[in-house]
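**Q** Sequence and computational prediction follow.
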Amino acid sequence: MALEKIEYDASHCQRCSTCKWSHIWEIKSHRFSRNCPSIWYGMYDAYAAQGKNDIATGLLKGEIDWNTSREKLLEIIYRCPLCAACDINCKRIMDLDIIGVLDALREEACEKGHGPLPQHKEFIQSITNYDNVWKQPRTRRANWAKKLDIKDLSKKGEKADVLYYVGCTYAYKPGMETVPQGTARIMKKAGVDFGILGAKEVCCGGIADNVGDKKSFDEIAEKNLKMFEEVGAKTIVTNCPGCYMTFSEKYARYLKKDTKDLPYVVKHSTMYIDELIQAGKIKLKKNLNMRVTYHDPCHLGRRGEPYKHWEGKRIQWGLTDPPRELNRGVNGIYEPPRNILKAIPGLKLVEMERIKEYAWCCGSGAGSKSAYPDFALAVAKERIEEAETTGASAIVSACPWCEANLSDGIDACGSKMKVMDILDVIEQSMEG
Amino acid sequence: MAFSDIAYRALQDVLGEENATNDPVVCQAYSRVQWLPPGVLQRERCGLDMRPACVVMPGSTEEVQRIVKIANRYKFPFIPRGSGFTFTAFPTMAGTLVIDPKRMNRIVELNEQDMYAVIEPYVSFVGLQSEAMKVGLTIPTPLAGAHVSCLANYAWHGAYGNSWLTGIGAQNLLGFELVLPTGDIVRSGSMACPEAGDFWNDGPGPDLRGFLRGGLFGHAGGMGVVTKISCKLWQWPGPAVWPTKGNAKMKTSSGFPEDQFRWYMIKFPCKYPEQEEMELKKSAELFYEMGKAEIAAVATHLAKQFLYTYSSQTKQDLFDNMEKDVFPCGFVVVGLQASTSLRQLEYEEKVLKEMVAKVGGIFVKEDEPAYQTWIGRAANEWLRFGNAQRLARPSDNFSIGASNVDSIDMIVYDILEGNKIERELLAGPKHLGKDFVQPLSVHGGWISPQEYGYWCLMTTDVFPEQAPDQAREAIEIIGNIARQQIKNKSSATIVHLLGPAYDTLGPMFGNIHLIMKKFKNEFDPHNLSNPGYATRPDVLSPEELQKMAGGH
């Protein structure tokens, strides 16, 4: 029973509503004071972490069951991008594992045979069949790398210092191939010894974990960990925050280790490129006269914090034995992308009201866009409206999922803003 | 009383299907309040009856009026709520309708010149403050947390971090619009006069604010639904937006310019708790002196329990700080703000220094752990919210042990009495409170002088776990303190018991409970408006009172 693990956390919510709003310090206006897309859209308390705590407790105590109102229950559980804004805000007040409750509800739904949703099953089935979420043949996975002369570490005898893991979306989504291509060119210019897994690259499996299908996730994690070991990966670089968080946090949780004790170090491309810039290995020379704002992807920001494994129990007064250090979102990857943007001549970075661990989610995470496209679009539009108040001409991000959803938001708003991947911005500044 | 399908359809007809739901899973999220002992016991007592039969989201006063009329037609109870922080916002009986105000979240007017705002029920304190700051104004800073409903908190008589300057909710409520339990609309203050502007709390006829607030501590939704209030705004010399840039790193406080705000911690060296009386009396002396000079925006005395909880970054951090004895005793905290000019701030600082010296106080130095922990982490927060949500941090639950409003001197007396009783009960044969977070639970005493010390508010808190047996223990402690307060002819107020409290304490206040019952009978003839917690329409016998108060 997944819910039993979080019984204490769910049942000790004090209903202060902190989960429904941005942190009190961070609020700059009434208009953009909300932080949870789920209740912002759904309105009823059931959609907030507070409501989900009550529902989890109700399930545990038998006050409701999975057949009480199954469709509504699944909607409440899954119409949420698991962005963890609720979790981070709650922890400024309490010490409850709120994201653990949201995860456990999904896991329990799967254990009981009610989850995941059909749209999520399609993703997982696709991973089973094709090793990617987009139902694309394995043979096309490395098409983006043609003519770039990149080492394929899955081939016998090939070795490199860095494994560049591309991820399903950058590898397959039409129009997004410029990002891995640009990343490869940047690393080459910097003299980095790197390679890819070519057609043998397998989806990270993050989506399976996010929707509660732990069995599928475990199988995928095992497969990838074995591959990493075989190719001797010590440093993994990826552009996708979902993959980054999966390798950094979810695989550590699967292995019951701290992130720092994993057999590899994983870096998001913005972290790695920021280091290359600091080391003087790449130069951003070209003037880009742009005013841009930066959107923090949740999986890179508040969910990108290193995992600290804990096994223990709650003791008197809710203290934990041994003491547990909870993720509070403060050690996410916030500065590297900003450092890069600030290093570009002529480019002016202007911040939105909700940033870093208090950033408004794009709305597409954890299967919410596939299952609830109207919800995801509304959340993206809200972010675009916020971005527009900065006067920026472009919203830059570092996540393929955010960029796709924000682009949809722009179309729906009729906004003139552009969505740009930070790698494309970097490449533009390196030209010439 | 019952909630029927016909009533449900009538509500959906008025509000639209999306704004009225009887889905049991959605309603489940409105069924559980677990903090404060009455909340814990309410859950034990009422069980699934706490799950509302229906939740509705009106979008306007007119829709609220129609909901209330439907309730009268079909005779089902209803509870208006704000953000739902406190236990009075939850059903105590089956078939209750909960009115969730999330769609009524407009700042209707923000009048810079006359310094007031008109707001709907789901405008939070922080939402209103962030808009007011843009025009150089601010609001009282709620202890309950700035996310709570500003309107509900004002109606409840909320206490504030800066109430040394602003007073409590009642002093800041300029007018309101109320849908009575019968469905009629009443407006108070100058809001009652069309086109007059909503700036003035007196209006034609009697001052209806007392009617709204009930006898003691808020009407708890027992007199209908407040749909709009006008509230007073205060000068804000600080930045137009809160000066934070994301990523708190858990170590830093939000920074304010030193030429606009300065914080001070003042101690009266003593052996604690043996010389607690001296420490509290000296603090009171300082408040009286400051009140005479009318200086400062924040002035309060925080006992150990508040200092540790409010400044805590994690539960473990709180217990570690207690282990290190970071706050060896209570402290006076003073905040000065340059409401008019830097010269004013410097003048006030000079006066404060003279007064502290006069009463034998010592300014805590910047390198002392107490200063670094309080000023470094929590002080500036008091300009936005009062940190009291963190009272739940020690045990994931808390209870007000004693609360009172009176003169500063009397408050000091009450704190001493309250702490003494709690310590005696802990040491006594039943060891009441032995499983609470100790010794934190017996180191109480928040002196919160209001309006330059014109009057004062206090609480002492205890930290039981969420278990029903500990809730009962907490209520037994509260009962002991309250009985002593009544014996001492202190103006004891017990927020925990509400309905019974009116009946118990009414005789001390000129039998105010009797007139409130008359109001209730007149304006809520079917007893539909939050019947579980508001003033009861009937007069209770001593035996019934005893039973309702859980034997205490």
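**A** Now that the structure is in, tell me what you want to look at. Numbers count the residues shown, from 1 in each chain, chains lettered A, B, ... in the order given.
**Q** measure the residue nearest in space to the middle of chain A to A:Thr238 for me?
**A** With distances taken as CA atoms, centre = their mean, chain A has A:His299 as the residue nearest its mean C-alpha position (2.4 Å). Using CB to CB, to the nearest Å, we find A:His299 at a distance of 11 Å from A:Thr238. From N, CA and C alone the C-beta is placed, and that goes for glycine too.
**Q** Quick check: neighbours shared by the two?
**A** Common neighbours of A:His299 and A:Thr238, counting by CB atoms under 8 Å, 6 or more residues apart in numbering or on different chains, are A:Tyr244.
**Q** and the residue nearest to the centre of chain A, what pLDDT?
**A** Looking at A:His299, its pLDDT is 97.
**Q** Show me what residue of the stretch 1-150 of chain A gets nearest to chain B.
**A** When you check the stretch 1-150 of chain A against chain B by CB to the nearest CB, the closest residue turns out to be A:Gly51, at 3.1 Å.
**Q** and that residue, how many neighbours?
**A** Residue crowding around A:Gly51 was assessed by other CB atoms under 10 Å in any protein chain shown; the count is 27.
**Q** per-residue pLDDT, the closest residue to A:Leu288 other than its chain neighbours?
**A** With sequence-adjacent residues excluded and distances taken as CB to CB, 6 or more residues apart in numbering or on different chains, A:Leu288 is closest to A:Leu347, at 4.7 Å. The predicted local distance difference test score for A:Leu347 is 98.
**Q** Go ahead and confirm A:Leu163 touches A:Val237.
**A** Yes. With contact taken as CB atoms under 8 Å, A:Leu163 and A:Val237 are classed as touching, separated by 7.3 Å.
**Q** And for the closest residue to chain B within the stretch 251-400 of chain A, the neighbour number?
**A** Taking CB to the nearest CB as the measure, the point where the stretch 251-400 of chain A comes nearest chain B is A:Lys356, at 3.1 Å. Residues within reach of A:Lys356, counting by other CB under 10 Å, total 24.
**Q** Quick check: closest non-adjacent residue to it.
**A** Closest residue to A:Lys356 in three dimensions, ignoring its sequence neighbours and counting by CB to CB, 6+ apart: B:Gly246, at 3.1 Å.
**Q** From B:Arg384, how far out is the one you found?
**A** 16 Å.
**Q** Compare those two and say which is more crowded by neighbours.
**A** Set B:Gly246 next to B:Arg384 and count neighbours by other CB under 10 Å: B:Arg384 wins out with 25 against 22.
**Q** give the contact list for the residue nearest to A:Leu288.
**A** A:Leu288, A:Asn289, A:Met290, A:Arg291, A:Val292, A:Leu341, A:Val425, A:Ser429.
**Q** Enumerate the beta-bridge partners assigned to it.
**A** The residues listed as beta-bridge partners of A:Leu347 by DSSP bridges are A:Met290.
**Q** Write down the beta-bridge partners of A:Ala394, one by one.
**A** For A:Ala394, the beta-bridge assignment (DSSP bridges) gives partners A:Val292, A:Lys418.
**Q** what about the residue lying closest to B:Asn480 once chain neighbours are set aside, how many residues close to it?
**A** With CB to CB, 6+ apart as the criterion, B:Asn480 has its nearest non-adjacent residue at 5.4 Å, and that residue is B:Ile421. Each residue near B:Ile421 was counted by other CB under 10 Å, and the total is 24.
**Q** Pretty sure B:Gly479 is one of the things B:Ile421 touches, is it not?
**A** No. Checked against CB under 8 Å, the pair B:Ile421 and B:Gly479 is beyond contact range at 10.3 Å.
**Q** What values do phi and psi take at A:Phe194?
**A** phi -140, psi 160 (degrees, to the nearest 10).
**Q** any idea how far A:Asp149 is from it?
**A** Spatial separation of A:Phe194 from A:Asp149 under the definition CB to CB is 12 Å.
**Q** between the two, which one's more packed in?
**A** Under the neighbour definition other CB under 10 Å, A:Phe194 and A:Asp149 were set side by side, and A:Phe194 has more, 20 against 8.
**Q** hang on, isn't the more buried one packed against A:Lys159?
**A** No. A:Phe194 is not in contact with A:Lys159 according to CB under 8 Å; the separation is 10.7 Å.
**Q** hang on, the earlier thing: put together TSV for the contacts of A:Leu347, with pLDDT, distance to B:Gly95 and neighbour count on each row.
**A** Listed next are these as TSV, based on pLDDT from 0 to 100; distance: CB to CB, whole Å; neighbours: other CB atoms under 10 Å in any protein chain shown:
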residue	pLDDT	distance to B:Gly95	neighbour count
A:Leu288	95	64	17
A:Asn289	95	65	9
A:Met290	96	60	20
A:Arg291	98	57	14
A:Val292	98	55	23
A:Leu341	98	57	23
A:Val425	96	59	23
A:Ser429	94	65	23
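**Q** Between which two of the residues you listed is the distance greatest?
**A** Put simply, by CB to CB the two of the contacts of A:Leu347 set farthest apart are A:Arg291 and A:Ser429, 14.8 Å from each other.
**Q** Kindly provide the distance from the closest residue to chain A within the stretch 51-200 of chain B to A:Arg34.
**A** In the stretch 51-200 of chain B, the residue that lies nearest chain A is B:Gly127 (3.7 Å; CB to the nearest CB). In this structure, B:Gly127 and A:Arg34 are 9 Å apart, going by CB to CB.
**Q** Name the residue in the two with the higher neighbour count.
**A** Just comparing B:Gly127 and A:Arg34: by other CB under 10 Å the higher neighbour count belongs to B:Gly127, 25 against 21.
**Q** In contact with that one, which residues?
**A** With CB under 8 Å, 6+ apart as the criterion, the residues that contact B:Gly127 are A:Ile27, A:Ser29, A:His30, A:Ser33, B:Asn105, B:Ile107, B:Cys150.
**Q** State the pLDDT value of it.
**A** Turning to B:Gly127, the model gives it a pLDDT of 96.
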